[in-house]
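[1] pasted the sequence and its predicted model underneath.
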Amino acid sequence: MAQDDDGTTPVEAQIERLLAEAEHTVEQLRRELDEARARRARETELREQHEEVDRLREYLVQAQVRWGAVRDFFESALRELGDRTQEASGDDEAEEGPR
């Protein structure tokens, strides 16, 4: 069989070219696959965001503040703080003794 100057045969050279083409094709297919996966992930995220926006009215209804309950909470908290303040001032007077 004939050999080139570098010692390879025409068949070996042809195989090397085919391998190089195959490697290039594999790299190209991997890039395309990565791009397709990224595009699908973006589309999924966008769809999920749209679904959440579509549910916004429902969320707002669920999150409506019951102002009566808020008022009751603050009244209760203020009463407790007032009781603690009175207890603390009563303790101070007991420690000081009669004047």
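    On my side now, so go ahead.
[2] and the helix or strand where Val11 lies, how far from the chain's centre?
    Secondary structure assignment for Val11, by DSSP states H and E: helix 10-54. Centre-to-centre, helix 10-54 and its host chain are 25 Å apart (CA atoms, centre = their mean, to the nearest Å).
[3] check the gap between the spatially most central residue of the chain and Glu51 for me.
    The chain has Glu45 as the residue nearest its centroid, 10.5 Å off, counting by CA atoms, centre = their mean. Applying CB to CB, to the nearest Å, the value for Glu45 to Glu51 is 11 Å. For glycine as for every other residue, the C-beta is placed from the backbone atoms N, C-alpha and C.
[4] with Glu75 instead?
    Relative to Glu51, Glu75 is positioned 40 Å away (CB to CB).
[5] now Thr25
    Relative to Glu51, and taking CB to CB, Thr25 is found at 39 Å.
[6] also Arg84?
    According to CB to CB, Arg84 stands 48 Å off from Glu51.
[7] do Gln64 as well
    Following CB to CB, the distance that separates Gln64 from Glu51 is 22 Å.
[8] low-confidence regions, the protein specifically.
    For the chain, residues meeting the criterion pLDDT under 70 lie at 1-4, 91-99.
[9] show me how it divides into domains.
    Taking automatic domain parsing as the criterion, the chain consists of the domains 1-63, 65-99.
[10] pull the distance from the first one to the chain's centre.
    Right, domain 1-63. A distance of 24 Å separates the centroid of the chain from that of domain 1-63, by CA atoms, centre = their mean.
[11] now the last one
    Centroid separation between domain 65-99 and its chain, computed with CA atoms, centre = their mean, is 43 Å.
[12] buried set for that domain?
    Across domain 65-99, burial judged by 16 or more other CB atoms under 10 Å covers no residue at all.
[13] what is the subsequent helix or strand relative to the helix holding Val11?
    Using DSSP H and E, the helix or strand that follows helix 10-54 towards the C-terminus is helix 56-62.
[14] alright, I will stop here.
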